[in-house]
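S.K.: Sequence plus the predicted model coming up.
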Amino acid sequence: MNGVVIAAAWAAAAVNAAAAAWGGVCWSQFRHSPLFWALTRAGQALIVVFALVCGALVVAGHEPDEGLFWVYVLVPLGLSFVAEQFRIVSARTVLDQRDLPDVRAVAKLPVAEQEWIRTLVRRRETGVMALAAAANAFLLARAALTSAGF
């Protein structure tokens with residue numbers, strides 16, 4: 001069973017690392033990338049799958065040797081949730097920086113300025129999610145390294 005846990009952890013870590021790396025590139029170049037979002041969502045899905053696999057193994061009677069392992073399984077779930085909350089707030093933050101009350105106020109701006117605001121919101125969202133993916137990749141790698149005994 002240890003091999004299954006290690007493989008699942010490394011797979012989730014790899015996808016999250018790829019999302020973090022590509023997200024860093026996109027963030028630095030003010031680029032919107034559907035590939036980044038696909039990698040991010042795939043990484044989040046693999047975090048859930050990994051946690052479910054570990055939970056199923058516990059129900060089946062298997063336990064890791066170290067209790068710290070559970071931190072590396074559960075924290076990525078919480079971190080992903082918190083990152084989504086920060087991502088949701090991204091648009092509000094950009095609007096607040098420009099003293100714009102809501103999206104309707106943005107629609108009254110010149111088209112070029114609307115596009116710039118949209119770019120800034122996307123960039124902020126990308127940055128938040130790329131940082132979360134990087135942290136999750138680290139935590140999942142640690143899970144793979146501390147899964148002995150499963």
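M.R.: That came through fine. Residues are numbered from 1 along each chain as shown.

S.K.: what's near enough to touch the residue positioned nearest the centre of the chain?
M.R.: For the chain, the residue nearest the mean C-alpha position is residue 133 (3.8 Å; C-alpha atoms, centre = their mean). Shown here is residue 133, whose contacts under the criterion C-beta atoms under 8 Å, 6 or more residues apart in numbering are 16-17, 19-20, 23, 39-40, 43. To be clear about C-beta, it is placed using only N, CA and C from the backbone, and glycine gets the same treatment.

S.K.: Please apply the same query to residue 100.
M.R.: By C-beta under 8 Å, 6+ apart, the residues touching residue 100 are 106, 117.

S.K.: what secondary structure does it sit in?
M.R.: Put simply, residue 100 is coil when judged by DSSP: H, G, I helix; E, B strand; the rest coil.

S.K.: From residue 115, how far out is it?
M.R.: 15 Å (C-beta to C-beta, to the nearest Å).

S.K.: picking that back up, go ahead and list the helix or strand containing the residue nearest to the centre of the chain.
M.R.: In the assignment (DSSP states H and E), residue 133 maps to helix 111-145.

S.K.: So which bits of that helix are buried?
M.R.: 117, 120-144 (16 or more other C-beta atoms under 10 Å).

S.K.: Good, we can wrap up now.
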